[in-house]
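Engineer: no sequence for this one, just the structure:
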């Protein structure tokens, strides 16, 4: 996983509420065994509508998505986080998230930023024409207009994101301690 210290750039100013994982990535995309290419299926039903925000060239490759309350509700499919990551989204800002989606996003290097509805509304207005920035170091979202919105992240998740450590990375970081333990157990209990 790549370290995430800051995410800056254009943002999809969507704001839709109660976006479930089937909207993020429809079920027929779940047959794949790879993460690559899932971005093409992200928001497929929304993209079917003419003039949708996800196909607007002004937001092409935007690393931030601004959504409404209860983002990522529905099923526990990790494919939703995979699809967002594949389309280049590194941070999602919303008033609230499904716990399962938030966990899946974290495990895939996507920052979930919880802000008040008022802050989200302001960011939607700004993001229509200007970039925004999410800074994990200072735990703030800022705009070119001096808007500054503070957010909190679980310290463990923040540290993992900033160091680029997923579950495998966390385990590998403890390689020496694990090897020492295995050596000691093998000497103490050779019958195992």
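Structural biologist: Right, received. Where do you want to start? Predicted, not measured: the structure shown is a model, and the values here were computed from it.

Engineer: quick one: average pLDDT of stretch 18-29?
Structural biologist: Averaged across stretch 18-29, pLDDT comes to 96.

Engineer: How far off centre is that stretch?
Structural biologist: 15 Å (C-alpha atoms, centre = their mean, to the nearest Å).

Engineer: List the contacts of it.
Structural biologist: For stretch 18-29, contacts defined as C-beta atoms under 8 Å, 6 or more residues apart in numbering pick out 38, 41-46, 67-77, 79-80, 82-84, 98, 101. C-beta: built from backbone N, CA, C; applies to glycine.

Engineer: Any of the residues you listed buried? List them.
Structural biologist: For the contacts of stretch 18-29, a burial check counting by 16 or more other C-beta atoms under 10 Å picks out 38, 41-44, 46, 67-75, 77, 79-80, 82-84, 98, 101.

Engineer: ok, then the element right after the one helix or strand in the chain whose mean pLDDT sits lowest?
Structural biologist: Scoring the helices and strands of the chain by mean pLDDT, DSSP states H and E places helix 167-173 at the bottom, with a mean of 89. Counting by DSSP states H and E, the next helix or strand C-terminal to helix 167-173 is helix 175-188.

Engineer: can you tell me which of the buried ones among the contacts of stretch 18-29 are in strands?
Structural biologist: If you go by DSSP state E, the buried ones among the contacts of stretch 18-29 have nothing in strands.

Engineer: Quick test: name the residue nearest the centre of this protein.
Structural biologist: Central residue of the chain (C-alpha atoms, centre = their mean): residue 110, 2.4 Å from the mean position.

Engineer: quick one on the thing from earlier: so which of the buried ones among the contacts of stretch 18-29 sit within helices?
Structural biologist: Among the buried ones among the contacts of stretch 18-29, the residues falling in helices (DSSP state H) are 44, 46, 79-80, 82-84, 101.

Engineer: Tell me if residue 65 really is in a strand.
Structural biologist: Yes - according to DSSP: H, G, I helix; E, B strand; the rest coil, residue 65 belongs to a strand.

Engineer: Point out where the chain drops to low pLDDT.
Structural biologist: By pLDDT under 70, the chain contains no weakly predicted segment.

Engineer: Apart from its neighbours in sequence, what residue is nearest residue 122?
Structural biologist: Closest residue to residue 122 apart from its sequence neighbours, by C-beta to C-beta, 6 or more residues apart in numbering: residue 147 at 6.1 Å.
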